[in-house]
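In: Got a sequence here, can you model it:
(one chain, ligands or ions: 2)
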Amino acid sequence: MSTAQTTTACIRVAVTSAPADLFDYLPPVPGGPVVPCAGMRVLVPFGRGRRVGMITSVAATSALPPDRLKRIDALLDRTPLLTDGDLRFVLWAARYYQCSPAEALFSAIPARLRRPEPVLDPAAPGWRATAAGATLAMADLQRAPRQRDALGLLRSQPAGLEDGMLRQRLGDCSAALRALASKGLVARCRIAADAGNGPSASAPNAEHPPPKSAQASDQAPNQDTGPELNTEQQQAVDIIAQQSGFGCFLLDGVTGSGKTEVYLRLIEGALAQGRQVLVLVPEIGLTPQLRERFARRIAAPMAVLHSALGERERELAWQQAASGRARLVLGTRSAIFTPMPALGLLIVDEEHDASLKQQDGFRYSARDLAVRRGQLADSPVVLGSATPSLETLFNAREGRYRRLALTRRAGQAADPDIRLVDIRGQYLETGLSHALLTHMDQQIEAGNQVLLFLNRRGFSPVLTCHDCGWVSECNHCDARMTLHRGRDQLLCHHCGLTQPRPLRCPCCESPDLRPLGQGTERVEDTLRKRFAGVPLARIDRDSTRRKGELERLLAAAQRGDYRILLGTQMLAKGHHLPAITLVGIMDIDFGLYGTDFRAAERMAQLLIQVAGRAGRADRPGTVLVQTRHPQHPMLERLLRQGYGSFAEAALAERAAAALPPFSHQALLRADSPKAQAALEFLRQVLVTARPLAPPSVEFWGPAPAQMERRAGRVRAQLLLQAPRRSQLQGLLATLLPRLRALPAPRHVRWSIDVDPKDLY
Ligand SMILES: Nc1ncnc2c1ncn2[C@@H]1O[C@H](COP(=O)(O)OP(=O)(O)OP(=O)(O)O)[C@@H](O)[C@H]1O
Ligand SMILES: [Zn+2]
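Out: Numbers count the residues shown, from 1 in each chain. Ligands and ions are numbered 1, 2, ... in the order given. Have a look, this model is predicted:
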């Protein structure tokens, strides 16, 4: 930790909402009790106002003369929020992704601390840790003004109070928990009633809890018990566990092969050695099962960090991790920045998933940053997927990552049988072929579950007038508005514009308006008629809007309450629904001819992931994929020879076209309400950039974006591509400061996306 005397000449500060640089200040008026250190927040004069900033370093001298330096107004923290190691990592990320240091640093700490507010003081009454290591003070729960607040706090306790393990830690809090019961938190407080009564009331050592793979005694039968590992799983665990220091592993395991079980063993091992573990997953909200599984199996305090948490809940979880009390952090992409003083293992689950990439503001890839952080923390990194990204497969092929394969499903489950259904010339009932419907009949009759996948929500993607040909176009985007019949509205999925569903054509007044094509709502309609009396659940963003609804639907699906599950890609995410024997993929063709060079890769990943929901237990699974292109070479290869073979071929295509991972890209996007302005600006950028670039750097564009008008702004882009990462980084480092100085017209917004995942 850098320390300094109050006489130090210069303190370097990343100032919020300021230009991309760091600014030098004089220390606050001498004599204060706290010595300014890197990682502390400060309040500084900036322009005509004051801003919050963070000290990035303390130096002996500044390049500026002392009389031009202003003094820091106040230190906001008594101790650094980020250690030197954390700072180094975040500032590296800021440089790599060309984001301002302040934006990066302040996205690494809780949102509330962007304001000049004090951190929650763990020593203050209400935030004390109990002797047993519970990080949440029960007194605080009792004081929670509303039941909702108390519940929020409870939810921030990752293990959930249902967890038998947590009883131990709450052993001495039974009185407080009883008080909670009086607030109506009845279900949760049933635990309280016997907390402290059982032999488990003795307090475990929270700092170094014993590895514990056994389950709590009140566990329902047939739950995850930590089965014996099979040979491949054991091998993977052994090899990774032997790694001391940094090393990156690709756990390439087919769907249902028991990757999670491998993670759990590795986590237990690392925890037993007193290390902290960070697990990143694409979307926690979509995978409640995973969270529960971790909570059931891991005895050590765990913090869960994701975007659905309230600010205060997030901050609590963050503090638990930063203080080292939480030993395991399970989080979505932004959790990559959580300070963890004893970090010793990083796991990225579903490493191919696009949601690990932040798509606005500070555009980073949490997966790529995990590898960098593992390097800095000198710890092993595990990237897991049944459908690894081509980048990661390439890294494994080049020997940078070690690939560990789980080639077969765990337990008794067999691989699903995937078949194409050629729908050319076929009669389709709301997009459903006769073959698919017949298979559904059979499986439902046999008492099994069926999953239907259609990646389009709403009733129909377009509403059209049968008399004059009018179509429901969005006024602000180059896109059609989707008909949502449940809400009786037209909705633009790109800008969010809504309109009441028109009863007559806005053009010719005809009442003959017809929906074209189908989304999940419309398929649901058809299925409810065709399979009258068969319980069905539709799972998409519309049907799961209410908090807790997805959990409820998935739990009911798991109990077998529903026989048909119909949904969007929410259903493709790692769910383990053992009774599903048939998966129907209604439309795969959108991925075959997509404009983005990653379209085929995404199509293949989605197909294999959705298909992977079939036949995960003792009953075999069948997958029917409807297509109009049954002879498409990529599709054929994927189904005949599997994802690995598909990926080899796709990599060969990328190599031939010199596309990533065989080259490196950065995308400059610009938009403006005025036509041409964004393009004009990017032309100027090109003129600035060309002379700075080595000859190997290619510029593509500027060109209008695929969807040129979106939310009322006209968009354009310029792609930079270089054979080597260092060339691209070198160019960006000199180019970006100049671009920031360019006189961009006020109404033009622009951004840079390094390693973009989406080119349109
Ligand atoms: N060695 C094993 N023997 C028997 N069952 C196992 C074994 N390992 C894991 N399982 C069980 O197999 C099922 C699937 O495992 P898991 O969910 O970990 O697979 P996964 O590889 O993470 O799947 P996906 O990538 O599809 O999400 C789970 O019910 C798990 O408890
Ligand atoms: Zn729109």
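
In: who in this protein is up against ligand 2?
Out: Cys474, His476, Cys477, Cys492, His494, Cys495, Leu497 (CB under 5 Å from the ion). Any C-beta I mention is one placed from the backbone N, CA and C, and that applies to glycine too.

In: how about TSV for these, with pLDDT added?
Out: What follows is those, written out as TSV (pLDDT from 0 to 100):
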residue	pLDDT
Cys474	96
His476	95
Cys477	95
Cys492	96
His494	92
Cys495	93
Leu497	95
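
In: which of these tops the neighbour count?
Out: For the residues of the chain next to ligand 2, the largest number of neighbours (other CB atoms under 10 Å) sits with Cys474, at 23 neighbours.

In: mind listing what that residue touches?
Out: By CB atoms under 8 Å, 6 or more residues apart in numbering, the residues touching Cys474 are Arg480, Met481, Cys492, His494, Cys495, Leu497.

In: In space, what's closest to it - neighbours in sequence excluded?
Out: Nearest residue to Cys474, sequence neighbours excluded (CB to CB, 6 or more residues apart in numbering): Cys492, at 4.1 Å.

In: quick one, phi/psi of that neighbour?
Out: The phi/psi pair for Cys492 (degrees, to the nearest 10) reads phi -90, psi 120.

In: I figured it was touching Ala479, is that so?
Out: Yes: contact between Cys492 and Ala479 holds when scored by CB atoms under 8 Å: they sit 6.2 Å apart.

In: Would stretch 596-610 count as contacting ligand 1?
Out: No: Stretch 596-610 is not in contact with ligand 1 by CB under 6 Å from any ligand atom; minimum separation 7.3 Å.

In: which outside residues touch that stretch?
Out: 255, 352, 354, 386-387, 389-390, 451, 453, 455, 569, 571-574, 583, 585, 588, 590-594, 623, 625, 634, 638, 643, 646-647, 650, 654, 657, 659, 757-760.

In: ok, 6 Å please
Out: With contact meaning CB atoms under 6 Å, 6 or more residues apart in numbering, stretch 596-610 is reached by 352, 387, 390, 453, 572, 583, 585, 591, 634, 638, 643, 646, 650, 659, 759-760.

In: Equivalent analysis for stretch 64-82, please.
Out: Defining contact as CB under 6 Å, 6+ apart, one finds that stretch 64-82 is touched by 24-26, 28, 34, 36-37, 39-45, 109, 116, 339.

In: would TSV of the contacts of Cys474 with secondary structure be doable?
Out: Shown next, in TSV, are the contacts of Cys474 (DSSP: H, G, I helix; E, B strand; the rest coil):
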residue	secondary structure
Arg480	strand
Met481	coil
Cys492	coil
His494	coil
Cys495	coil
Leu497	coil
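
In: Make TSV from those and add distance to Gln518 to it.
Out: Converted to TSV, the contacts of Cys474 look like this (distance: CB to CB, whole Å):
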residue	distance to Gln518
Arg480	14
Met481	16
Cys492	18
His494	19
Cys495	23
Leu497	22
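
In: Serialize these to TSV and add fields for distance to ligand 1.
Out: Converted to TSV, these look like this (distance: CB to the nearest ligand atom, whole Å):
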residue	distance to ligand 1
Arg480	34
Met481	35
Cys492	33
His494	30
Cys495	34
Leu497	36
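
In: distance of Phe89 from ligand 2?
Out: Distance, Phe89 to ligand 2, using CB to the ion, to the nearest Å: 38 Å.

In: Near that residue, how many residues? Count them for me, please.
Out: 23.

In: where in this structure is pLDDT low?
Out: Residue ranges of the chain with pLDDT under 70: 1-8, 121-226, 744.

In: tell me the domain ranges of it?
Out: Following automatic domain parsing, one finds the domains of the chain at 10-114, 138-201, 231-406, 417-458+519-656, 664-754.

In: Can you tell me whether I have it right that Thr464 is in a strand?
Out: Yes: using three-state DSSP, the secondary structure at Thr464 is a strand.

In: May I have the beta-bridge partners of it?
Out: For Thr464, the beta-bridge partners are Val471, Arg514 (DSSP bridges).

In: Isn't it up against Glu473?
Out: No: the pair Thr464 / Glu473 is not scored as a contact, 10.4 Å apart, by CB atoms under 6 Å.

In: if we can go back for a sec, farthest pair in the contacts of stretch 596-610?
Out: Val583 and Leu659 (30.9 Å; CB to CB).

In: who has more neighbours, Thr464 and Glu473?
Out: Ranked by neighbour count (other CB under 10 Å), Thr464 and Glu473 place Thr464 first, with 20 against 14.

In: May I have the residues that are in contact with that one?
Out: So Thr464 contacts Val471, Arg514, Leu516 (CB under 6 Å, 6+ apart).

In: Please apply the same query to Val237.
Out: Val262, Arg265.

In: So in this protein, which helix runs the longest?
Out: helix 633-657 (DSSP state H).

In: For that one, enumerate the helices and strands it packs against.
Out: Under the contact criterion of 3 or more CB pairs under 6 Å, 6 or more residues apart in numbering; DSSP states H and E, helix 633-657 touches helix 390-397, helix 599-611.

In: Could you check how far it is from the centre of its chain?
Out: 26 Å (CA atoms, centre = their mean, to the nearest Å).

In: So what touches that helix?
Out: Thr387, Leu390, Leu393, Ile418, Ala600, Glu601, Ala604, Ile608, Phe662.

In: Dump these into JSON lines; add neighbour count as well.
Out: Below are the contacts of helix 633-657 laid out as JSON lines (neighbours: other CB atoms under 10 Å):
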{"residue": "Thr387", "neighbour count": "25"}
{"residue": "Leu390", "neighbour count": "24"}
{"residue": "Leu393", "neighbour count": "24"}
{"residue": "Ile418", "neighbour count": "20"}
{"residue": "Ala600", "neighbour count": "22"}
{"residue": "Glu601", "neighbour count": "23"}
{"residue": "Ala604", "neighbour count": "24"}
{"residue": "Ile608", "neighbour count": "23"}
{"residue": "Phe662", "neighbour count": "14"}
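
In: rewinding a little: which one of the domains of the chain has the most crowded surroundings?
Out: Using mean count of other CB atoms under 10 Å, the stretch among those with the greatest mean number of neighbours is domain 231-406 (a mean of 21).

In: Identify the residues contacting stretch 277-284?
Out: 267, 270, 306, 328-330, 332, 345-350, 353, 355-356, 366.
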